[in-house]
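K.L.:
What would the 3D arrangement of this be:
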Amino acid sequence: MFDLERVRQLVGDAQVVGIGESAHNVREYQQVRHHLARFLVERMGFGVLALESGFSEGLLVDRWIRDGSGDLAEVADQGLTYGFGSAVATRDLLAWLREHNAGGGDVGFAGLDLPADLGSPLPALDGVAHYLAEVDPAARQTLEHLRTYALRWASPYTMAAFRAYQAVPAADRDAQTLLLSELATRVDALRPLYERRGGAPGYATARHQLRLAVLLDQMLRAQLAAANGSGIHAAVNVRDAAMAETVRHLLRDGRRIVVSAANTHLQRIPIMLGGTFEVPVMGSHLAAELGGAYLSIAVTAVGGRTPTRRPAPGTERGAEVLTVDLAPPAPGSVEAFLTDPASPRVTGPGSPDGPWLADLRPLRGAPGGPRRFRNLDGYVDLPVADAFDLVALVPHLA
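P.N.:
Model (predicted):
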């Protein structure tokens, strides 16, 4: 697929490598991810594969790839959010991770994201409750109260959960926030006792799950304020801040990390909201903190068919997914730029129909560079060479 030794040179000493996609659950994009991730793990010593999926749920997947019990389909369904576990290519990736570890490897899996498709804190709170039952049973009542509040709005569907949260009385929303703050403060204050009773790794995992429950609550509060007309709250992108915080949590062991998420989460620069507000995303957090130790790879396509989303008012999901034809690359896009014969292909396709990889870093600050990249069946407008280090371009999506 790629000249992987050239990939080694391009990756260099990067501590975190993000591999993107312009749409989820696309077989060709997943093949690129698997190919690169396998090389990074087997040949460059990367020790964690992290996906844009719930952190708490992903703990089940991590146990499974380390020789846990259970059927792959069931583990993928329960351990990955947003329906990602239904994709055959994703299951194949998990099966390979398990096989790698069974052969003497030591690679971990992690979800990056807030719990339950952003629709409930309960997976995170359940993990915290399981931990605290051993080290601090006195916290049980607080957790029971939190469950009661969360059950008033939790839903398997993101938009339905937000609508239910909007309908919860303000006093109850405030009580939930206060309880989460009190519990987080308690967990921080009693850290030495917890670590003595249950060990440092268990504490770190439980504390991060609680942190993500807190951030989900804050995300909902920001979204509610934005829905009520607060422009500044519309720029408070809690979800991407949470995913960046998960990467920090994973980096504590010193392992190199492969991060797989949508291109828009991985870009090195903020997005612009309405031409007014800069909105930091996970990649811009990581770039600010890690500099050149963070490498961002966008994955996109020239043509073919892609999944996309359309509003579906009145339904539980609030949106529908359908497959559409991609229009030819738009002028000024990175897809058009890289299909120009004069473009700087760093590694050519391994076959006439194979993807290739281009290094955009030499284009930073130069005139005439690409100014947009595909997102689903539309485009995001920004200086692409500033947003991504490399671009993997797939000629055609079946």
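
K.L.:
Relative to R309, how far out is the closest residue to R310 other than its chain neighbours?
P.N.:
Spatial nearest neighbour of R310, excluding adjacent residues (Cβ to Cβ, 6 or more residues apart in numbering): E320 at 5.5 Å. For glycine as for every other residue, the C-beta is placed from the backbone atoms N, C-alpha and C. In this structure, E320 and R309 are 7 Å apart, going by Cβ to Cβ, to the nearest Å.

K.L.:
Same check on V41?
P.N.:
If you go by Cβ to Cβ, the gap between V41 and R309 works out to 31 Å.

K.L.:
neighbour count winner among those two?
P.N.:
Using other Cβ atoms under 10 Å, the more surrounded residue of V41 and R309 is V41, with 21 against 15.

K.L.:
got the phi/psi numbers for that one?
P.N.:
phi -80, psi -50 (degrees, to the nearest 10).

K.L.:
how about it, what does it touch?
P.N.:
G47, L49, H100, G105, V107, V258 (Cβ atoms under 8 Å, 6 or more residues apart in numbering).

K.L.:
Among those residues, name the ones in strands.
P.N.:
L49, V258 (DSSP state E).

K.L.:
want to throw the contacts of V41 into a markdown table with distance to S56 and neighbour count?
P.N.:
As requested, those are exported to a markdown table (distance: Cβ to Cβ, whole Å; neighbours: other Cβ atoms under 10 Å):
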| residue | distance to S56 | neighbour count |
| --- | --- | --- |
| G47 | 21 | 17 |
| L49 | 17 | 26 |
| H100 | 24 | 16 |
| G105 | 24 | 15 |
| V107 | 20 | 23 |
| V258 | 20 | 23 |
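
K.L.:
which two in the contacts of V41 are spaced the farthest apart?
P.N.:
G105 and V258 (13.7 Å; Cβ to Cβ).

K.L.:
Could you check how far stretch 89-99 is from the centre of its chain?
P.N.:
Computed by Cα atoms, centre = their mean, to the nearest Å, the chain-centroid distance of stretch 89-99 equals 18 Å.

K.L.:
which residues touch it?
P.N.:
So stretch 89-99 is contacted by 25, 27, 30-31, 33-34, 37-38, 49, 51, 61, 64-67, 72-73, 75-76, 80, 84-85, 107, 109 (Cβ under 8 Å, 6+ apart).

K.L.:
Just those: which are in strands?
P.N.:
L49, L51, F109.

K.L.:
my read: the last one touches F55, true?
P.N.:
By that I understand F109. No. Here F109 does not reach F55: they are 10.8 Å apart, not a contact under Cβ atoms under 8 Å.

K.L.:
Tell me the one among the ones in strands among the contacts of stretch 89-99 nearest to A288.
P.N.:
L51 (22.4 Å).

K.L.:
now the strands for the chain?
P.N.:
16-19, 48-54, 108-113, 257-260, 271-273, 277-279, 294-311, 319-325, 356-359, 372-375, 378-381, 390-397.

K.L.:
What I need now is the ones you listed written out in JSON lines, including mean pLDDT for each item.
P.N.:
Below are the strands of the chain laid out as JSON lines (pLDDT from 0 to 100):
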{"stretch": "strand 16-19", "mean pLDDT": "98"}
{"stretch": "strand 48-54", "mean pLDDT": "98"}
{"stretch": "strand 108-113", "mean pLDDT": "98"}
{"stretch": "strand 257-260", "mean pLDDT": "98"}
{"stretch": "strand 271-273", "mean pLDDT": "87"}
{"stretch": "strand 277-279", "mean pLDDT": "89"}
{"stretch": "strand 294-311", "mean pLDDT": "97"}
{"stretch": "strand 319-325", "mean pLDDT": "95"}
{"stretch": "strand 356-359", "mean pLDDT": "92"}
{"stretch": "strand 372-375", "mean pLDDT": "97"}
{"stretch": "strand 378-381", "mean pLDDT": "96"}
{"stretch": "strand 390-397", "mean pLDDT": "96"}
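
K.L.:
Fine, thanks again, bye for now.
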